[in-house]
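Visitor: Sequence below, structure please.
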Amino acid sequence: MSDEEKYTVEKVSSPVPQASATPEEEKRLVRKLDKRILPLTCLLYLFAFLDRSNIGNARLQGLPQETLGGDPSGLLFEWVTSAFYFSYILCQVPATILSKLFPPSYWMAGAAIGWGISSTLSASAFNFAGIVCARVGVGIFEAGFGPAIPLYFSFFYTKEELGLRMGYWFGFAAVAGAFGGLIAYGVQNINYGPPLTGGVGGQSDWKILFLMEGIPAIILGLITIFALPNRPESTNFLTEREREIALERGSRSSKADTGAMVRKEHIISAITDWRVYAGGCIYFGVNCALASLSAFLPTIIKTFGYTNALAQILTVPPYAVAAIVLCSTAYATDRFQSRGLAVAGSCAVSTIGYLIVVVVPDNMKARYFAVFCITSGTYTAIGITIAWFTHNLGSETKKATGIPMFMAIGQCGSVLGTHLYPETDGPRYLMGFGTTCGLEAFATFCALALHFSYKWDNAKRNRLYGVPDPNESVDTSELADKTPNFRYIA
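Guide: Modelled structure (predicted):
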């Protein structure tokens, strides 16, 4: 029987076998899952982020000259960048809830093929309307991928394993930033089209960039159809023994609404949960910074006095360091089962980075160091926040609603971030740096508030109901994260 046939048969939640797995069996299973799931999902996110952020590199490779009439004010480019986020924000919540009703392999593959085609077609744009339509298409399809991945990971990994896996996955956004800079540097030397006025390379190099980063996503999407495992209860990737262990692991901290079903009361619970909106405030601040980095970092580094080509190369080290910091911090949060302080600390580091850029206008080494603080803090805060809420929302339906909700709120910060760096504000961009600095500081406060809120709630439940066994199965089918025996990660 095929994966999709099994998935159809097992639409309603399957009973969890009582599998007494040995530590060696669990380790073997986790290694098997890591070898199949992580390479595919991380590569998918690499190309998703490349196709999302390559617009910043294209800006230095002739796109404004060929499609935006030169765009001397930079306003048209800001709207091109924002177009992605408008569709991304609107489609996140419905797309993630719908993803529960389909086999993950088909859903993720369809999303990748869709955004890959949209990005590839960006190369054919010849005016403002054309490039905006392509960016809207990328946003629609990526909305079905990014928020669905934390939910997908929760099918296979426990709360003690989730942070590092989310760190690996989101770390590929930083890898994409580094990789994108290298690709852009190489493409800039192709010299496609007439010579670029005031820069290096040809006016049409940006078309090659979109083709090189869009076509691989389509190919990877086709591979995903056959290679990505579906849910533990339906995939033929696992043996029967491994399936029993996987289902038992998935029921340790919460057991509810598994399979192709949606609980309306959990959707309402997510919509009315103040913590989801607090997470959205954190995500708003860090995504304002992230969108700014993605779209404008090459331009910002160019204002330090470097050429276009060198500015592309100098974006690589900050992204590489950010990936290392994110994965190291994610491992520590798994080890200590505490994420709030890590998120707050990361946001604080970003705040310090923006302060340095604002108050030290002439020391380029200090300003470049500040870029490392900003990238490392921002990427770490986002990755850890996703892992934080992936456990703390309790049930699958509440995760499928709450995760894209706080992400959608956060992506509004991305829209703001794309409008904070007009050409007329260069070279210091005080409005952009000052605004983002304040938002990162506010995100620090929100993370601390959530951390202490979760600790207080856990302590209250321990007093009322006793301290639960961390490995016991907690039935969250009725109350989601409000179940008496459920405990939050603070």
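
Visitor: as a whole number, average confidence for the helix or strand hosting Phe141?
Guide: Here Phe141, judged by DSSP states H and E, is contained in helix 128-143. The average pLDDT for helix 128-143 rounds to 95.

Visitor: do stretch 247-260 as well
Guide: 71.

Visitor: Likewise for stretch 479-490?
Guide: 91.

Visitor: For the stretch 101-250 of the chain, just list every one of the strands.
Guide: Using DSSP state E, counting those that start in this stretch, no strands are found in the stretch 101-250 of the chain.

Visitor: where in it is pLDDT low?
Guide: 193-203 (pLDDT under 70).

Visitor: Buried residues, the helix or strand harbouring Leu326. List them.
Guide: Element membership for Leu326, per DSSP H and E: helix 316-336. Neighbour-count burial for helix 316-336, counted by 16 or more other Cβ atoms under 10 Å, picks out 316, 318-323, 325-327, 329-330, 332-334. For glycine as for every other residue, the C-beta is placed from the backbone atoms N, C-alpha and C.

Visitor: In PDB, list the C-alpha atoms belonging to that helix.
Guide: Extracted in PDB, the C-alpha atoms of helix 316-336 (Å, rounded to 0.1, in the frame of the first residue of the first chain):
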ATOM      1  CA  VAL A 316      29.000  36.100   3.700                       C
ATOM      2  CA  PRO A 317      30.900  36.100   7.100                       C
ATOM      3  CA  PRO A 318      28.100  37.600   9.200                       C
ATOM      4  CA  TYR A 319      25.600  35.000   7.900                       C
ATOM      5  CA  ALA A 320      28.100  32.100   8.500                       C
ATOM      6  CA  VAL A 321      28.700  33.200  12.100                       C
ATOM      7  CA  ALA A 322      24.900  33.600  12.600                       C
ATOM      8  CA  ALA A 323      24.300  30.000  11.500                       C
ATOM      9  CA  ILE A 324      26.900  28.700  14.100                       C
ATOM     10  CA  VAL A 325      25.600  30.900  16.900                       C
ATOM     11  CA  LEU A 326      22.000  29.800  16.200                       C
ATOM     12  CA  CYS A 327      22.800  26.000  16.200                       C
ATOM     13  CA  SER A 328      24.900  26.300  19.300                       C
ATOM     14  CA  THR A 329      22.200  28.200  21.200                       C
ATOM     15  CA  ALA A 330      19.500  25.800  20.000                       C
ATOM     16  CA  TYR A 331      21.500  22.900  21.400                       C
ATOM     17  CA  ALA A 332      21.900  24.600  24.700                       C
ATOM     18  CA  THR A 333      18.100  25.400  24.900                       C
ATOM     19  CA  ASP A 334      17.400  21.700  24.300                       C
ATOM     20  CA  ARG A 335      19.800  20.600  26.900                       C
ATOM     21  CA  PHE A 336      18.500  23.000  29.600                       C
END
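
Visitor: packing partners for it?
Guide: helix 159-187, helix 340-359, helix 364-392 (3 or more Cβ pairs under 8 Å, 6 or more residues apart in numbering; DSSP states H and E).

Visitor: Pull up the gap between Pro104 and Ser118, please.
Guide: 21 Å (Cβ to Cβ, to the nearest Å).

Visitor: on that earlier part again, who does the helix holding Phe141 touch, helix- and strand-wise?
Guide: helix 23-58, helix 63-67, helix 75-99, helix 104-121.

Visitor: Out of those, which gets nearest to Ala366?
Guide: helix 23-58 (23.1 Å; Cβ to Cβ).

Visitor: Just give me how far the closest one sits from the chain centre.
Guide: 12 Å (Cα atoms, centre = their mean, to the nearest Å).

Visitor: any idea of the angle that helix forms with helix 128-143?
Guide: Here helix 23-58 runs at an angle of 170 degrees relative to helix 128-143 (axes from the mean of the first three to the mean of the last three Cα atoms, to 10 degrees).

Visitor: can you pull the buried residues of helix 23-58?
Guide: Here helix 23-58 shows 26, 29-30, 32-34, 36-37, 40-58 as buried, counting by 16+ other Cβ under 10 Å.

Visitor: do stretch 422-438 as well
Guide: In stretch 422-438, counting by 16+ other Cβ under 10 Å, buried: Glu423, Tyr429, Gly432, Phe433, Thr435, Thr436, Cys437.

Visitor: Out of those residues, which is nearest to Ser269?
Guide: Thr436 (32.4 Å).

Visitor: So that closest one is in contact with Ser292, correct?
Guide: Yes: counting by Cβ atoms under 8 Å, Ser292 is a contact partner of Thr436 at 6.1 Å.

Visitor: any residues in contact with both of these two?
Guide: Here Thr436 and Ser292 have Gly417, Leu420 as joint contacts, going by Cβ atoms under 8 Å, 6 or more residues apart in numbering.

Visitor: Hmm, Val321 is touching Tyr379, no?
Guide: No: in this structure Val321 lies outside contact range of Tyr379 using Cβ under 8 Å: 9.6 Å.

Visitor: Which member of the buried residues of helix 316-336 is positioned nearest Asn392?
Guide: Distances from Asn392 to the buried residues of helix 316-336, taken by Cβ to Cβ, are shortest for Thr333, at 12.7 Å.

Visitor: and that closest one, what does it touch?
Guide: Contacts of Thr333 by Cβ under 8 Å, 6+ apart are Gly163, Arg339, Ala342, Ile384, Ala387.

Visitor: give me phi/psi at Glu483?
Guide: Wrong residue type there; residue 483 is Thr, not Glu. Backbone geometry at Thr483, expressed as degrees, to the nearest 10, gives phi -60, psi 130.

Visitor: my guess is it contacts Val474, does it?
Guide: Yes: assessed by Cβ under 8 Å, Thr483 is found in contact with Val474 at 6.0 Å.

Visitor: circling back to that earlier point, and which of the buried residues of helix 316-336 is nearest Phe128?
Guide: Tyr319 (29.2 Å).

Visitor: And the closest one, how far from Leu448?
Guide: From Tyr319 to Leu448 the distance is 27 Å (Cβ to Cβ).

Visitor: now do the same end-to-end measure for stretch 422-437.
Guide: From its first residue to its last, stretch 422-437 covers 17 Å (Cα to Cα, to the nearest Å).

Visitor: quick revisit: quick one: which of the helices and strands packed on helix 316-336 is nearest Ser87?
Guide: Closest among these, using Cβ to Cβ: helix 159-187, at 19.0 Å.

Visitor: thinking again about what came up before, any chance of the helices and strands packed on helix 316-336 in TSV with mean neighbour count and distance to Gly130 as columns?
Guide: Listed next are the helices and strands packed on helix 316-336 as TSV, based on neighbours: other Cβ atoms under 10 Å; distance: least, Cβ to Cβ, whole Å:
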stretch	mean neighbour count	distance to Gly130
helix 159-187	23	20
helix 340-359	22	35
helix 364-392	24	31
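
Visitor: Among these, which comes closest to Pro147?
Guide: So among these, helix 364-392 is nearest, using Cβ to Cβ, at 8.8 Å.

Visitor: Mind checking the pLDDT average for the closest one?
Guide: On average, helix 364-392 scores 92.

Visitor: how far is that helix from where the chain is centred?
Guide: On Cα atoms, centre = their mean, the centre of helix 364-392 falls 12 Å from the chain's centre.

Visitor: which helices and strands does that helix pack with?
Guide: Going by 3+ Cβ pairs under 8 Å, 6+ apart, helix 364-392 lies up against helix 148-156, helix 159-187, helix 274-302, helix 316-336, helix 340-359, helix 396-417, helix 430-465.
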